[in-house]
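Undergrad: no sequence for this one, just the structure:
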């Protein structure tokens, strides 16, 4: 059995996890077979590990806040003729413990031991802290 790896990605322009969800379900044209896919120029070299239960972890306003299970990688050829990777995602966004992350370009691999834990079902509907407060509390280890 192969190892497991995740991806981490900034959700540029998103103000909240709810906004990601709205974009994916209602506004994005990046859908195939009923699933949203995220386009990236680089094809992950660790494909087998990603497809062994990996997720994409979303950073919103400097804080890692949610994840989605990766269900496939598909080739997409753009209008410009360039090959790209469509990361096909499970529709469920799973809230995670908040963790501060500095800005970065593209996506990065995230080891399972470095991934924040999922919030329990009982905490998914908790009031969301303002991002600045959640970030400050995460930096001092409270969240």
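TA: Good, I have the coordinates. Owing to the predicted nature of the structure, the values given are computational and were not obtained by experimental measurement.

Undergrad: Could you give the bridge partners of residue 109?
TA: Listed beta-bridge partners, residue 109: residue 7 (assigned using DSSP bridges).

Undergrad: Equivalent analysis for residue 55, please.
TA: Counting by DSSP bridges, the residues bridging with residue 55 are residue 69.

Undergrad: show me the contacts for it.
TA: Going by CB atoms under 8 Å, 6 or more residues apart in numbering, residue 55 touches 6, 7, 67, 68, 69, 70, 94, 115. For every residue, glycine as well, the C-beta is placed using N, CA and C.

Undergrad: let's go with 10 Å and repeat that
TA: Residue 55 is in contact with 4-8, 66-70, 89-90, 94, 96, 110, 112, 115, 118, counting by CB atoms under 10 Å, 6 or more residues apart in numbering.

Undergrad: Buried ones among those residues?
TA: Burial by neighbour count, judged by 16 or more other CB atoms under 10 Å, picks out 4-8, 66-70, 89-90, 94, 96, 110, 115 from these.

Undergrad: Identify, from those residues, the entry nearest to residue 51.
TA: The closest of those to residue 51 turns out to be residue 70 (CB to CB; 6.7 Å).

Undergrad: quick one: that closest one from residue 99, how far?
TA: Residue 70 sits 19 Å away from residue 99, going by CB to CB, to the nearest Å.

Undergrad: And residue 40, by the same measure?
TA: Distance from residue 40 to residue 99, by CB to CB: 22 Å.
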